[in-house]
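Engineer: sequence first, predicted coordinates after that:
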Amino acid sequence: MISINNLTVAYGGFVLLNDINFHISESDKIGLVGKNGAGKSTILKIICGMQHPTSGKVAVPPGVKIGYLPQIMEHHKGKSVIDETMTAFADMLEMEKEIERLTAELASREDYESEDYQDLIVRMNDLNDRLSYRQEESPRVQAEKTLMGLGFKYGELTRATETFSQGWNMRIELAKILLSKPDVLLLDEPTNHLDIESIEWFESYLRDYRGALVLISHDRKFLDNVTGRTVEIMLGHIHDYKVPYSKYLELRKERIAQQQAAYENQQRMIAKSEEFIERFRYKPTKSNQVQSRIKQLEKLERIEVDVEDRSALTVKFPPAPRAGEVVFKAADLTVGYGTKVVFSHADIEVRRGEKVALVGRNGEGKTTLMRVIMGELDPMSGEAKTGFNVNVGYYAQNQEDILDKQDTVFGTLDRIAVGDIRTKLRDILAAFLFKGEDIDKKVAVLSGGERARLAMAKLMLKPYNLLALDEPTNHMDIRSKDILKQALKAYDGTLIIVSHDRDFLDGLVDKLYEFRDGKVKEHLGTVAEFLEKSKIENLNELERHFKPAAVKPAATVEKKTASQHEYQSRKFVSKEERRIRNRVAFLEKSIAETEDKMKRIEAVLASPGPQDDIMDLTREYLELKRDMDAKTEEWIMAGESLQKFE
């Protein structure tokens with residue numbers, strides 16, 4: 001479908017991408033991988049036309065629709081979440097208008113056998129097919145399902161977009177892209193602002209997605225579960241593997257070993273040739289042979305390899321001083337800001353040596369609990385305290401922004417290091433991939449991932465017995481995360497960690513606290529076990545909001561009326577049957593009245609006036625919705641009970 005042909009990108013004398021070629025087929029699910037700065041984002045920008053190559057071209061067939069999610073984007077303001085998301089269906093309105101125009105033109109023409117007439121029919125059929133594909137459900141229902149899948153609550157859909165953080169606005173943009181159903185999805189780090197449950201939903205969506213996908217991600221499990229092909233950018237060249245990420249790592253290791261052997265053989269050949277040239281350069285009898293060797297070396301295509309030794313990189317936290325048996329305990333804890341309660345009546349206990357994850361939807365209180373642990377926030381009620389001799393090392397979510405941007409990498413550690421650890425600062429920095437001239441860089445010029453690694457390196461300077469880490473892997477590439485995970489597994493202290501990275505948490509923690517709807521719930525077991533249970537609960541949540549029309553009472557009024565006539569014509573009716581039928585009639589009337597009330601509220605919410613209280617209306621709407629769902633369930637069960645009398 002899309003062909004990248006002889007693509008070169010150069011900046012001055014530096015060549016980022018060197019004459020690369022690969023093809024994206026209609027159903028390809030491609031993971032685009034490589035070091036930070038290798039050119040992954042550049043390729044996506046070139047494919048969607050936002051950047052031009054130095055030479056070469058990208059061939060995109062006419063009519064192919066591309067959806068592109070960059071790492072950084074502008075967000076729209078002035079609309080509610082649902083209204084902004086509904087703008088994704090603007091092209092459907094255009095298709096409907098074009099179908100109307102084509103229908104009118106076909107009706108006015110009589111040249112049925114002409115090529116132009118046939119082209120019009122083909123075009124109209126194509127539009128109808130595309131429209132029917134997009135209209136599996138109503139646009140509103142599609143938008144609501146997508147937004148809720150990405151983590152929004154139903155009651156938040158009418159809130160203004162500007163009342164949400166940048167991460168939540170990214171989800172709105174992602175929802176718009178998915179709902180537009182492009183032929184090709186280009187996604188640059190889409191999971192950076194998603195929590196675990198949203199990632200699970202998104203992963204399922206992409207597995208079922210029928211178009212082509214090119215994905216940049218530092219989430220190993222996400223890549224494995226979504227992609228079936230891995231394209232690596234290395235030293236400006238492309239290496240194409242028709243396998244998922246984990247299998248690619250195995251094949252890549254084999255290729256590097258072969259390349260290293262070929263490189264070493266070539267270096268020996270070059271050394272021998274150069275030795276021959278130097279030895280016989282001034283001997284007239286050997287001049288032809290010398291010139292021949294010189295020309296051979298000039299024409300020789302030099303083998304390049306990634307010579308960095310990845311396996312030698314290790315990080316080890318200092319031994320943890322012994323703490324009391326209970327490291328942190330909260331009883332009947334209620335926490336919030338001002339009058340706003342974030343979560344209430346929580347009971348939490350973390351014991352010495354445990355590795356605990358705090359999981360759940362963004363904004364539910366995970367970072368808030370971290371602030372309580374650090375003593376930065378006092379509870380509204382209840383009790384929260386750290387145990388005996390607990391010394392906390394804290395990595396805040398915005399830690400990389402707290403760093404002094406005018407300081408150097410080395411100076412950041414040197415300024416706070418004391419004692420013998422000062423002699424190991426270069427080793428610590430090297431473990432976090434700061435080597436050579438990197439340690440003299442100013443913090444201001446570091447990438448987000450580099451700042452995150454530097455902030456983590458600071459925690460190596462003192463012996464803490466409780467590490468409280470809030471989203472430590474944001475911006476870290478897969479390699480850096482692997483290093484950190486192994487260090488935390490070997491750490492002999494207590495760990496409390498907030499993270500949405502399943503692969504990172506897998507095998508690291510065996511206890512979770514889930515933050516949901518203002519409550520905190522303990523889960524014993526692995527991340528995989530929690531996700532399996534959570535997925536079931538989430539599906540039930542979606543069912544409550546999006547019950548199929550087939551089970552609505554309104555869809556069976558005629559059938560029920562006929563049943564009523566049949567029932568009335570029978571002479572002998574038991575008391576139980578009469579009671580159930582009376583209840584069914586009451587429920588049908590009550591559900592219809594509730595639906596009318598909801599429709600009136602929907603009309604007001606769609607165009608609220610200055611006197612309308614949107615929050616009160618939304619609350620009333622959700623209460624009516626819950627009431628209708630409960631009555632609908634009862635109506636279905638009553639209908640099933642009646643079957644034994646028929």
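Structural biologist: Now that the structure is in, tell me what you want to look at.
Engineer: low-confidence ranges in the stretch 351-500 of the chain?
Structural biologist: For the stretch 351-500 of the chain, the stretches flagged by pLDDT under 70 are 399-401.
Engineer: now do the helices in it.
Structural biologist: Ranges of helices within the stretch 351-500 of the chain are 366-373, 399-402, 409-414, 425-431, 448-458, 478-490, based on DSSP state H, counting those that start in this stretch.
Engineer: what's the closest of those helices to residue 266?
Structural biologist: Closest of the helices of the stretch 351-500 of the chain to residue 266 is helix 478-490, at 27.3 Å (criterion: C-beta to C-beta). To be clear about C-beta, it is placed using only N, CA and C from the backbone, and glycine gets the same treatment.
Engineer: check the offset of the closest one from the chain's centre.
Structural biologist: 20 Å (C-alpha atoms, centre = their mean, to the nearest Å).
Engineer: can you tell me which helices and strands it packs against?
Structural biologist: Here helix 478-490 touches helix 448-458, helix 502-505, going by 3 or more C-beta pairs under 8 Å, 6 or more residues apart in numbering; DSSP states H and E.
Engineer: residue 194: which of these is closest?
Structural biologist: Per C-beta to C-beta, nearest to residue 194 of those: helix 502-505, 11.1 Å.
Engineer: rebuild the helices and strands packed on helix 478-490 as CSV, extending it with distance to residue 638 and mean neighbour count.
Structural biologist: Compiled in CSV, the helices and strands packed on helix 478-490 are given as follows (distance: least, C-beta to C-beta, whole Å; neighbours: other C-beta atoms under 10 Å):
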stretch, distance to residue 638, mean neighbour count
helix 448-458, 57, 21
helix 502-505, 42, 24
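Engineer: got CSV for these, with distance to residue 193 too?
Structural biologist: Listed next are the helices and strands packed on helix 478-490 as CSV, based on distance: least, C-beta to C-beta, whole Å:
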stretch, distance to residue 193
helix 448-458, 13
helix 502-505, 15
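Engineer: residue 434: which of the ones you listed is closest?
Structural biologist: Residue 434 lies closest to helix 448-458 among the helices and strands packed on helix 478-490, at 7.2 Å (C-beta to C-beta).
Engineer: and for the closest one, what's in contact with it?
Structural biologist: Applying C-beta atoms under 8 Å, 6 or more residues apart in numbering, the contact partners of helix 448-458 are 36, 395, 399-403, 409, 412-413, 416, 428-429, 431-434, 443, 446, 472-477, 480, 484.
Engineer: residue 252 and residue 241 touch, don't they?
Structural biologist: Yes - judged on C-beta atoms under 8 Å, residue 252 makes contact with residue 241 at a distance of 7.3 Å.
Engineer: joint contacts of these two?
Structural biologist: Common neighbours of residue 252 and residue 241 (criterion: C-beta under 8 Å, 6+ apart): residue 232.
Engineer: list the contacts for the closest residue to residue 331 other than its chain neighbours?
Structural biologist: Nearest residue to residue 331, sequence neighbours excluded (C-beta to C-beta, 6 or more residues apart in numbering): residue 383, at 4.8 Å. Residues in contact with residue 383, defined by C-beta under 8 Å, 6+ apart, are 329-333.
Engineer: could you do residue 528 as well?
Structural biologist: By C-beta under 8 Å, 6+ apart, residue 528 lies in contact with 502, 506.
Engineer: mind checking what secondary structure it has?
Structural biologist: helix (DSSP: H, G, I helix; E, B strand; the rest coil).
Engineer: any idea how far residue 504 is from it?
Structural biologist: 13 Å (C-beta to C-beta, to the nearest Å).
Engineer: now swap in residue 282 and tell me
Structural biologist: Counting by C-beta to C-beta - residue 282 and residue 504 are separated by 63 Å.
Engineer: how's this protein carved up into domains?
Structural biologist: 76-181, 248-307, 326-533, 549-645 (automatic domain parsing).
Engineer: most packed of those?
Structural biologist: Mean neighbour count (mean count of other C-beta atoms under 10 Å) peaks for domain 326-533 among those, with a mean of 18.
Engineer: in stretch 58-70, what counts as buried?
Structural biologist: Going by neighbour count (16 or more other C-beta atoms under 10 Å), the buried part of stretch 58-70 is 58, 60, 66-70.
Engineer: quick one: those residues as JSON lines, columns for pLDDT too.
Structural biologist: Formatted as JSON lines, those follow (pLDDT from 0 to 100):
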{"residue": "58", "pLDDT": "92"}
{"residue": "60", "pLDDT": "90"}
{"residue": "66", "pLDDT": "94"}
{"residue": "67", "pLDDT": "93"}
{"residue": "68", "pLDDT": "94"}
{"residue": "69", "pLDDT": "92"}
{"residue": "70", "pLDDT": "89"}
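Engineer: so who does the residue nearest to residue 87 when sequence neighbours are not counted touch?
Structural biologist: Closest residue in space to residue 87, ignoring its immediate chain neighbours: residue 176 at 6.6 Å, by C-beta to C-beta, 6+ apart. Going by C-beta under 8 Å, 6+ apart, residue 176 touches 84-85, 87-88.
Engineer: equivalent analysis for residue 121, please.
Structural biologist: Each residue near residue 121 by C-beta under 8 Å, 6+ apart is listed here: residue 106.
Engineer: any idea how far it lies from residue 343?
Structural biologist: In this view, residue 121 and residue 343 are 60 Å apart by C-beta to C-beta.
Engineer: nearest to residue 204, out of the helices and strands packed on helix 478-490?
Structural biologist: Taking C-beta to C-beta, helix 502-505 is the member of these nearest to residue 204, at 13.4 Å.
Engineer: and that closest one, what does it pack onto?
Structural biologist: Here helix 502-505 touches helix 220-226, helix 478-490, helix 527-545, going by 3+ C-beta pairs under 8 Å, 6+ apart.
Engineer: contact partners of that helix?
Structural biologist: 196, 199, 219-222, 357, 473, 481, 484-485, 497, 499, 527-528, 531.
Engineer: could I get the contacts of residue 176 in a markdown table, plus columns for pLDDT?
Structural biologist: Putting those into a markdown table (pLDDT from 0 to 100) gives the following:
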| residue | pLDDT |
| --- | --- |
| 84 | 93 |
| 85 | 93 |
| 87 | 90 |
| 88 | 88 |
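Engineer: just the strands from the stretch 251-400 of the chain, written as ranges.
Structural biologist: 326-337, 340-351, 355-360, 381-386, 392-395 (DSSP state E, counting those that start in this stretch).
Engineer: just to revisit the earlier point, let's have the domains of the chain in CSV, adding distance to residue 226.
Structural biologist: Formatted as CSV, those follow (distance: least, C-beta to C-beta, whole Å):
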stretch, distance to residue 226
domain 76-181, 14
domain 248-307, 14
domain 326-533, 13
domain 549-645, 31
